[in-house]
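Peer 1: A structural model of the following input is requested.
(chains A and B)
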Amino acid sequence: MPAPEQRRIIFQHIDEPGYTNDIDCYIRNGGYEVLKKAVTRKPEEIIEEVKKSGLRGRGGAGFPCGVKWGLVDRKSGKPIYLIVNADESEPGTFKDRYIMHQDPHQLIEGTMISCFANNVKQAYIYIRGEMPHGARILEKAIAEARAKNFVGPNILGTGYSCEIFVHRGAGAYICGEETGLIESLEGKRANPRIKPPYFPAVLGLYQCPTIVNNVETLCHVKFIAEHGGAEYAKIGTPGNTGTRIFCVSGHVQRPGYYEFPAGTITMGQLLNDVCGGPLPGRNFKAVIPGGSSAKVLRFGERYKGKRKVGADMVDYDWGVEDVPMDFDSLAMIGSMGGSGGVIVMDDTVNMVEALANINAFYSHESCGQCTPCREGSLWMKKITTRMVHGDARPQDGALLKSVADQIPGRTICAFGEACSWPTQSFYLKFKDEFDGYAATKKQPKPDNALELV
Amino acid sequence: MNLKPETLQRIDEVITHYPVKRSATLPLLHLIQEDVGFISDETIEWIAAKLELQPINVYEVVTFYPMFRRKPIGRRHIKVCRTLSCALSGGYKTCETFKEQFGVELGETSADGEVTVEFVECLASCGTAPVVLIDDDLHEKVDSAKAREIAAKIKAEAAKNAPVAR
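Peer 2: Next comes the predicted model:
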């Protein structure tokens, strides 16, 4: 069965010839019409539409956006803040970069609609420090929007005022975690906060109610405000509504970003039909489906269990190619949809080296606040590094698993899970490669071997 | 500390973006690093005074975020992504090429003070791997051949800007 057609909602104009990030181009294509209508409606109506839509946040966790907005403490009398989480730093994910670079006004319009719906007077776009060009584009776009009265005081004469500012990070992955991001925005180290009870919706930025949404999520809000929650919910599958952007990288013929109704495309269709299959003469070996912290899947393995289809429970028996690319199906087979970053590895990849590369990333990025994460991530890196440098010990595979098992659930934020899942899953799925490493370490590398560490 | 008038103006403007002055710490560090090239002890004290903080409050931020530098670097800054998708597409070879072309080790500045080569974590452009950030510009699909081309261009520009030997 061939892959379904792409349905580009968020990426509708991205890569379109002649489409620029200029406000005039955006307005020519119908831009800011949704905001104009939105500010004449009751804010609660927009929140209701978002709830109805079933929109799940696109930052990685897939938390329902309407529920998140519903948690906001609106009675405290304190200002409510909205922060756009543009600190996309999960390896394998690169969708937000293109939205900000090529269609910044879509993000600004979505943000302003969300601000209006939640009575927010002040919003910040927290963008990765590594994207200085993106930050300049956003600043220019906000200035353009302000000049046309879509941002700033008394928006479109409605009496509603709201400001947006761009805030640049400085290279720390943990700023993508919402409470780490808030600490960073307050001018401190990005150490995530203990939660609950301090959900940002209740006590966030400056101890005020705060909404933190991903760039892509806010663009979906714009679509929902335009077409209604019910229309949006018709796209995709129940529980996984709307479209999903997949960022495919690694060993496929056509890496890139692709937008499909959620749950309508399988991994096999995405990698073979859409991305052109493996590189010439090679075979797929493994895939990480939702950013580098998601658990790795092995080609050739079967995933079995029961799932709900309508009212019935049915058996499933899937190979990697058969898995629908949605949050729930990927969770059923022990991984996750995460931020949509699909990293593909073919048979030239040595899995110990690949894990060593991932471990180097996570040990570098641990904020250091919790001992299991700080020490554990570094320990895992040390083990995999010595393995690839030819100093493997026979017990290293088992030790790696033991360290990884001690981290999750023992840390303040989900980074503990993020750094242990790769090690746990790589070891589980490719145990032979890890356990055999000490014995094979002196063998020469094949000619086509990659250097990953 | 001699900051350009436009930097000072921008600093005063940025502080107004936040209801709490401390929030301007990262923006001020960026602005000063862009102007002066690195973050000195004097800068830390200056920012602390400006934002009504203790110097330790600024110092702990500087040491946490990898993009802030305590020492000057070369006039051009080459940052090669070393994370998985780029590594799978040959990022390590790209980095080796840059090191060879400028005769430097990682994190070092070339003898003429022109170029610093570094490995950095994910630059969020995995679909066009391997990627390299040179100063503020992202370069995509930089294999070894493209790295040599870029290096040649940088060398030519450096030669043009260099003072004429007497």
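
Peer 1: count the residues that sit near B:P19.
Peer 2: Look at B:P19: counted by other C-beta atoms under 10 Å in any protein chain shown, it has 12 neighbours. For glycine as for every other residue, the C-beta is placed from the backbone atoms N, C-alpha and C.

Peer 1: list the contacts of the spatially closest residue to A:K36 that is not a sequence neighbour.
Peer 2: In space, and not counting its chain neighbours, A:K36 is closest to A:L156: 6.2 Å by C-beta to C-beta, 6 or more residues apart in numbering or on different chains. Shown in contact with A:L156 (C-beta atoms under 8 Å, 6 or more residues apart in numbering or on different chains): A:L35, A:K36, A:V39, A:N149, A:F150.

Peer 1: measure the closest residue to the last one other than its chain neighbours to A:K285 for me?
Peer 2: In space, A:F150 comes closest to A:Y32 once its chain neighbours are excluded; the distance is 5.5 Å by C-beta to C-beta, 6+ apart. According to C-beta to C-beta, to the nearest Å, A:Y32 stands 47 Å off from A:K285.

Peer 1: quick check: buried residues in the lengthiest helix in chain B?
Peer 2: Identified as the longest helix of chain B according to DSSP state H is helix B:144-161. Going by neighbour count (16 or more other C-beta atoms under 10 Å in any protein chain shown), the buried part of helix B:144-161 is B:S144, B:K146, B:A147, B:I150, B:A151, B:I154, B:K155, B:A158.

Peer 1: from those, pick the one nearest B:W46.
Peer 2: Taking C-beta to C-beta as the measure, B:W46 sits nearest to B:A158 out of the buried residues of helix B:144-161, at 31.5 Å.

Peer 1: still on that earlier bit, so how far is A:R189 from the residue nearest to A:K36?
Peer 2: In this view, A:L156 and A:R189 are 40 Å apart by C-beta to C-beta.

Peer 1: ditto for A:V352
Peer 2: Applying C-beta to C-beta to A:V352 and A:R189 gives a distance of 33 Å.

Peer 1: what's the neighbour count on A:H389?
Peer 2: With other C-beta under 10 Å as criterion, A:H389 counts 11.

Peer 1: got it, and the one 4 residues further on?
Peer 2: Burial of A:R393 is recorded as 12 neighbouring residues (other C-beta under 10 Å).

Peer 1: against chain B, how distant is it?
Peer 2: The gap separating A:R393 from chain B is 25 Å, by C-beta to the nearest C-beta, to the nearest Å.

Peer 1: can you tell me which residues contact that residue?
Peer 2: For A:R393, the contact set (C-beta under 8 Å, 6+ apart) comprises A:R386, A:L399, A:A438.

Peer 1: go on, A:D346?
Peer 2: A:H251, A:P278, A:L279, A:R282, A:N283, A:F284, A:K285.

Peer 1: and these, which is closest to chain B?
Peer 2: A:H251 (6.2 Å; C-beta to the nearest C-beta).

Peer 1: for that closest one, which non-adjacent residue is spatially closest?
Peer 2: A:D346 (4.0 Å).

Peer 1: what's across from the one you found in the sheet?
Peer 2: Beta-bridge partners of A:D346, counted by DSSP bridges, are A:F284.

Peer 1: before we move on, back to that, farthest-separated two in the contacts of A:D346?
Peer 2: Using C-beta to C-beta, the contacts of A:D346 reach their maximum pairwise distance at A:L279 and A:K285, which is 11.8 Å.

Peer 1: the two: which has the busier surroundings?
Peer 2: Neighbours were counted for A:L279 and for A:K285 using other C-beta under 10 Å; A:K285 has more, 21 against 15.

Peer 1: can you list the domains in chain A?
Peer 2: As assigned by the TED database, chain A contains the domains A:23-234, A:239-345, A:351-439.

Peer 1: and chain B, by the same measure?
Peer 2: Using automatic domain parsing, the domain parsing of chain B gives B:5-64, B:76-161.

Peer 1: pull the distance from the longest one to the chain's centre.
Peer 2: Meaning domain B:76-161. Centre-to-centre, domain B:76-161 and its host chain are 12 Å apart (C-alpha atoms, centre = their mean, to the nearest Å).

Peer 1: give me the beta-bridge partners of the residue of the stretch 201-350 of chain A found nearest chain B?
Peer 2: Nearest to chain B in the stretch 201-350 of chain A, going by C-beta to the nearest C-beta, is A:S249, at a distance of 3.6 Å. Note on A:S249: beta-bridge partners by DSSP bridges are A:I343.

Peer 1: could I get the domains of chain A as CSV with mean pLDDT and distance to B:C86?
Peer 2: Putting those into CSV (pLDDT from 0 to 100; distance: least, C-beta to C-beta, whole Å) gives the following:
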stretch, mean pLDDT, distance to B:C86
domain A:23-234, 94, 9
domain A:239-345, 93, 9
domain A:351-439, 93, 10
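
Peer 1: select, out of these, the one closest to B:R10.
Peer 2: Nearest to B:R10, of all those, is domain A:23-234, at 11.3 Å by C-beta to C-beta.

Peer 1: straight-line length of the closest one, end to end?
Peer 2: One end of domain A:23-234 to the other measures 31 Å (C-alpha to C-alpha, to the nearest Å).

Peer 1: likewise for stretch A:288-307?
Peer 2: 22 Å.

Peer 1: by contact count, what packs against the strand or helix carrying B:E42?
Peer 2: Using DSSP states H and E, the element containing B:E42 is helix B:41-50. If contacts are counted by 3 or more C-beta pairs under 8 Å, 6 or more residues apart in numbering or on different chains; DSSP states H and E, helix B:41-50 sits against helix B:25-36, helix B:55-64.

Peer 1: what angle do the following helix or strand past the shortest one and helix B:144-161 make?
Peer 2: Okay, so that is helix B:55-64. Counting by DSSP H and E, the next helix or strand C-terminal to helix B:55-64 is strand B:76-81. On the basis of axes from the mean of the first three to the mean of the last three C-alpha atoms, to 10 degrees, strand B:76-81 is oriented at 170 degrees to helix B:144-161.

Peer 1: and strand B:76-81, which strands flank it?
Peer 2: Under the criterion DSSP bridges, strand B:76-81 sits next to strand B:115-120 (parallel), strand B:132-134 (antiparallel) in its sheet.

Peer 1: and that strand, C-alpha only, in CSV?
Peer 2: The C-alpha coordinates for strand B:76-81 follow below in CSV (Å, rounded to 0.1, in the frame of the first residue of the first chain):
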residue,chain,number,x,y,z
ARG,B,76,36.1,33.5,12.7
HIS,B,77,34.4,30.8,14.8
ILE,B,78,33.7,27.4,13.2
LYS,B,79,31.3,25.2,15.1
VAL,B,80,30.9,21.7,13.7
CYS,B,81,27.9,19.7,15.0
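
Peer 1: what packs against the helix or strand following that strand?
Peer 2: Next helix or strand after strand B:76-81 toward the C-terminus (DSSP H and E): helix B:84-88. Using 3+ C-beta pairs under 8 Å, 6+ apart, the elements in contact with helix B:84-88 are strand A:243-250, strand A:341-346, helix A:351-365.

Peer 1: swap in 10 Å and give it another go.
Peer 2: In terms of contacts (3 or more C-beta pairs under 10 Å, 6 or more residues apart in numbering or on different chains; DSSP states H and E), helix B:84-88 is packed against strand A:243-250, strand A:341-346, helix A:351-365, helix B:91-102.
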